[in-house]
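**Q** what shape does this take:
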Amino acid sequence: MDESSAIRGEAERLQSSGVLGEARLRRLFDYLVNSTLAGQAPKEIAIAVDVFGKNAEFDVSQDALVRVYVHKLRRALDDYYGAPENQGRTALQIPKGEYRLRAVAVTARPAAPGEAAPRERPPVNRQIVIAYGAGALGIVALAAAAILMWRPARSDVDQVRSNPIWSSLLNDDRPIMIVVGDYYLIGDADSMGVKRLIREYSVNSKSDLDHFVAEHPEVADRYIDVGLRYLPVSSAFALRDVMAILAPQNRRITVSKMSDVEPSSLKADDIIYIGYLSGMGMLQDLVFTPESRFALGDSYDEVIDKTTKHAYASEVGSQVMDPPQPTGKEQPYHDYGMFAKFRGPGGNMIVVISGTRDEGVSQTAETFTSRQRLQEFEHEADVTHPLEALLEVSAFDGVNLSGKLVLESNRAAANPMHP
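**A** A predicted model of the protein is given here:
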């Protein structure tokens, strides 16, 4: 088989695997495939214009957008061809210093002495029970579809699951409830019907709305429950990452919106929270206890280190409310992600995958479900005890690019970890 045929065949196989994920990465891959098959090796500026929609004045020496995405694509290819079932066959690579693809025959890595040969990956465990309310169907469908499209190498999953970050939860025998932070939207109505939707940060459920109306009788005739909720788009991607870790477990897993969670569930079930810091509802009191190093600022876009009093403020809001004028030299901005693991009031496990905005949530999920990044994190923190961590996330145009650990703390446990 000639190289063009090999590239075409591998490209189709890789595209159908779903491993490339986000649309920009898929566009870049398709562009490099087509350019390579046409015998071309495009310049960085051509990629910036043709793939990312930049103008001809875009300064590639000042903006690393293309190089960042080529790096992400290289890493995705390495992960895909590093999986045991993909070893020993032709692999697609991007040569260093070039923007084209080449097909390379890669031999399977021999098993080290005492190491078992790679096993064929088993199918997703069909015995998992996923229960959901009327409003959660879309979340579950997204997560299930994502799992079927994207599964990390089996050996990577096993190593993530055996890490103390996850093993203390996976080795428990309680039901697991995945709680997705949602915004409870209120209808502001007049005699003609609902005229707008509003968000009151103190109102996160129907009972909260009833209490709010009782305390503010002036809105009793206007504020009504319209059955609408808002979910951050990052929830679907974070669910994909988390469900890949939970999939091998023969456990009852439920998915619920925060606004539907009963207080008793926060004691009875193991909880995995996914969503904005501002969507935690009643869970916020368990996360930001006096034992926590962190507190929320006046804005939910701000996390405060109670030890140093330093405030870490997300820059996403300013990007949305007051976007900079396009110059071709746009720089990445920062968001923040937060992870926590501790025992809840009933001795249950609580895991928090959160952030100030979408970029922070997505990066936190990626970091704490990645074998390599968990290993790096273990060098910085004692993951066998209750802990919390703050990540500074570098983002560009709504996409999380990377994250670095800013703070980590083994919280003095009001609810100590059981061995």
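**Q** enumerate the beta-bridge partners assigned to Y183.
**A** Y230 (DSSP bridges).
**Q** pLDDT wise, what is it at?
**A** Per-residue confidence for Y183 comes out at a pLDDT of 86.
**Q** ok, now which ones touch it?
**A** Neighbour list for Y183: 199, 229-231, 278-279 [criterion: Cβ atoms under 8 Å, 6 or more residues apart in numbering]. In short, each C-beta sits where N, CA and C put it, glycine included.
**Q** wait, doesn't L25 sit right on R74?
**A** No. Counting by Cβ atoms under 8 Å, L25 stays clear of R74, with 10.9 Å between them.
**Q** the two: which is more packed in?
**A** Each of L25 and R74 has its neighbours counted (other Cβ atoms under 10 Å); L25 has more, 18 against 14.
**Q** quick check: which element contains that one?
**A** Using DSSP states H and E, L25 sits within helix 23-37.
**Q** counting by contacts, list what that helix packs against.
**A** Applying 3 or more Cβ pairs under 8 Å, 6 or more residues apart in numbering; DSSP states H and E, one finds that helix 23-37 contacts helix 3-17, helix 44-50, helix 65-82.
**Q** next one: it to chain centre, how far?
**A** 24 Å (Cα atoms, centre = their mean, to the nearest Å).
**Q** grab the CA positions of that helix and hand them over as CSV.
**A** C-alpha atoms of helix 23-37 as CSV (Å, rounded to 0.1, in the frame of the first residue of the first chain):
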residue,chain,number,x,y,z
ALA,A,23,-14.5,20.8,16.2
ARG,A,24,-11.3,22.9,15.8
LEU,A,25,-9.0,19.9,16.2
ARG,A,26,-11.1,17.9,13.7
ARG,A,27,-10.9,20.8,11.2
LEU,A,28,-7.1,21.0,11.6
PHE,A,29,-6.7,17.2,11.1
ASP,A,30,-8.9,17.2,8.0
TYR,A,31,-6.9,20.2,6.6
LEU,A,32,-3.6,18.5,7.1
VAL,A,33,-4.9,15.2,5.6
ASN,A,34,-6.1,17.1,2.5
SER,A,35,-2.9,19.1,2.2
THR,A,36,-0.7,16.0,2.6
LEU,A,37,-2.7,14.1,0.0
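**Q** can you pull the buried residues of it?
**A** Neighbour counts over helix 23-37 (16 or more other Cβ atoms under 10 Å) mark 24-25, 27-29, 31-33, 35-37 as buried.
**Q** ok, stretch 383-402 next?
**A** Going by neighbour count (16+ other Cβ under 10 Å), the buried part of stretch 383-402 is 383, 385-396, 398-402.
**Q** which of those fall in strands?
**A** Within the buried residues of stretch 383-402, residues falling in strands by DSSP state E are 387-396, 399-402.
**Q** what packs against the helix or strand that contains M177?
**A** Element membership of M177 [criterion: DSSP H and E] is strand 176-180. Contacts defined by 3+ Cβ pairs under 8 Å, 6+ apart place strand 176-180 against helix 234-246, strand 252-257, strand 270-276.
**Q** mind listing what the second one pairs with, with the direction of each?
**A** To tie it back to what came earlier, the one meant is strand 252-257. When sheet partners are counted by DSSP bridges, strand 252-257 sits next to strand 129-132 (parallel), strand 176-180 (parallel).
**Q** tell me the angle of the last one relative to strand 270-276?
**A** When you say that, I think you mean strand 176-180. Angle, strand 176-180 to strand 270-276, by axes from the mean of the first three to the mean of the last three Cα atoms, to 10 degrees: 10 degrees.
**Q** so which of the contacts of Y183 would you say is closest to D79?
**A** Set against D79, the nearest of the contacts of Y183 by Cβ to Cβ is L231 (27.8 Å).
**Q** if I look at the closest residue to the closest one other than its chain neighbours, how far off is V157?
**A** Among residues not flanking L231 along the chain, D182 sits closest, at 5.2 Å (Cβ to Cβ, 6 or more residues apart in numbering). Plainly put, D182 is 28 Å away from V157 if you go by Cβ to Cβ, to the nearest Å.
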